[in-house]
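S.K.: Below are the sequence and a predicted model for it; my questions follow.
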Number of protein chains: 2
Amino acid sequence: MNYPNGIKKTFKTSTSNRGMNLEQDINETNLYYRNNDIAVIYKKPTPITINKVDYKSRKDAVIKEAHFIIPSTTDYNGVYEGKYIDFEAKETKKNYFPLANIHKHQLEHLKKIKQCGGIGFIIVKFTSTKDTYLLEIDKLMAFLNNNKRKSIPKEYFINEGYLIKQGYNPYLDYLKIVDIIKEREL
Amino acid sequence: MNYPNGIKKTFKTSTSNRGMNLEQDINETNLYYRNNDIAVIYKKPTPITINKVDYKSRKDAVIKEAHFIIPSTTDYNGVYEGKYIDFEAKETKKNYFPLANIHKHQLEHLKKIKQCGGIGFIIVKFTSTKDTYLLEIDKLMAFLNNNKRKSIPKEYFINEGYLIKQGYNPYLDYLKIVDIIKEREL
């Protein structure tokens, strides 16, 4: 579509970027869960340390120097039917999941979540084949405790995790898998 | 204590700043909960938007311009005995709590938490008298729905909330109050 003075504008529907990026897909799914009073799950802000702030005015502070810091927890947490949900989401281009993608203290965090009665897991998307899996922290630790490998083969996700089905709305309905986990725990 | 070339050093125990600052008191209490496998509750990172980043090297990125944004959720959340816990913590020098201290969407957030089966509340410290109260989201909304006032008098916290007792370790054992809330819900 051509606009006056040659500006081209593209119209995007909210679903146009689907399947492109795991973070976007999860954020969109979480928005659906919130808007439909199903669950309240958010991505946490990026952890940083702030070194320098310009206080032009009380309202208009500008951060002039800050650094990214290694997160001590995971990216996502929230509540579903009273239960605490906590997870990390990662993409991989390979047909295995490199363990360097997840920090040691994030694993420790997920183990603690499980100990305190919460539901902790990772969501991994294999971008070459576009399939996404949920793997519980227990299964992740079982692999780590029994292997010296620096990556988890996709087969492990297929056999020990759950494939998250893609739908229209929500796009990536991972709480369906949480339902299975919750029922098993009863 | 005097050091060579006149440097004075003060030795702080981890409890030396207690009661000075609500955020510190809660962070210290949460650390106690985590270290003793009682609960996993963290303060979320400050939400910002990043405008400019200097990528000197892959590891050494420096944020050169960023802005604080109004948080859409609360400061603290986590898990206690499987239950999702969510709260905002505020100090006031007055003998009332000014409602300007809490954003409208934070109230909406806490209401949604309650709807999804989580436990949502605010913790308010009256710094002149050094007493700290926990007030559930229901009681907070009841006040807002029945009053046109721009602040909540301290009496409301005394009558409808719970005084959090201060102890040695943890310093501010607010999960004792959560125990009462959980038992009432059974």
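M.R.: Here it is on my side, so go on. Bear in mind the structure is a predicted one, so any value in this text is a computation, not a measurement.
S.K.: now the helices for chain A?
M.R.: Along chain A, the stretches classed as helices by DSSP state H are A:22-35, A:104-115, A:137-146, A:154-160, A:175-185.
S.K.: And these: which comes nearest chain B?
M.R.: helix A:104-115 (5.0 Å; CB to the nearest CB). The C-beta positions use only the backbone N, C-alpha and C, and glycine is treated the same way.
S.K.: So the closest one, near chain B or not?
M.R.: Yes - counting by CB under 8 Å from any CB of the partner chain, contacts between helix A:104-115 and chain B involve A:109, A:112-113, A:115.
S.K.: buried subset of those residues?
M.R.: Buried subset of those (neighbour count, 16 or more other CB atoms under 10 Å in any protein chain shown): A:109, A:112-113.
S.K.: For chain A, which segments count as strands?
M.R.: A:39-43, A:48-55, A:61-68, A:76-80, A:83-92, A:96-98, A:119-126, A:131-136, A:151-153, A:162-163 (DSSP state E).
S.K.: ok, what's across the strand from the spatially most central residue of chain A?
M.R.: Geometric centre of chain A, nearest residue: residue A:89, 3.2 Å, by CA atoms, centre = their mean. Counting by DSSP bridges, residue A:89 is bridged to residue A:123.
S.K.: need the buried ones among the residues of helix A:104-115 next to chain B in JSON lines with distance to residue B:128 and pLDDT, can you?
M.R.: Formatted as JSON lines, those follow (distance: CB to CB, whole Å; pLDDT from 0 to 100):
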{"residue": "A:109", "distance to residue B:128": "38", "pLDDT": "97"}
{"residue": "A:112", "distance to residue B:128": "37", "pLDDT": "97"}
{"residue": "A:113", "distance to residue B:128": "38", "pLDDT": "97"}
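S.K.: now those as CSV including distance to residue A:41?
M.R.: Shown next, in CSV, are those (distance: CB to CB, whole Å):
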residue, distance to residue A:41
A:109, 16
A:112, 19
A:113, 14
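S.K.: where does chain A come near chain B, residue by residue?
M.R.: A:34, A:37-40, A:42, A:44-48, A:50, A:61-68, A:72-73, A:77-86, A:109, A:112-113, A:115-118.
S.K.: again, 7 Å this time
M.R.: A:34, A:37, A:39-40, A:42, A:44-48, A:61-68, A:73, A:77, A:79-84, A:112-113, A:115-118 (CB under 7 Å from any CB of the partner chain).
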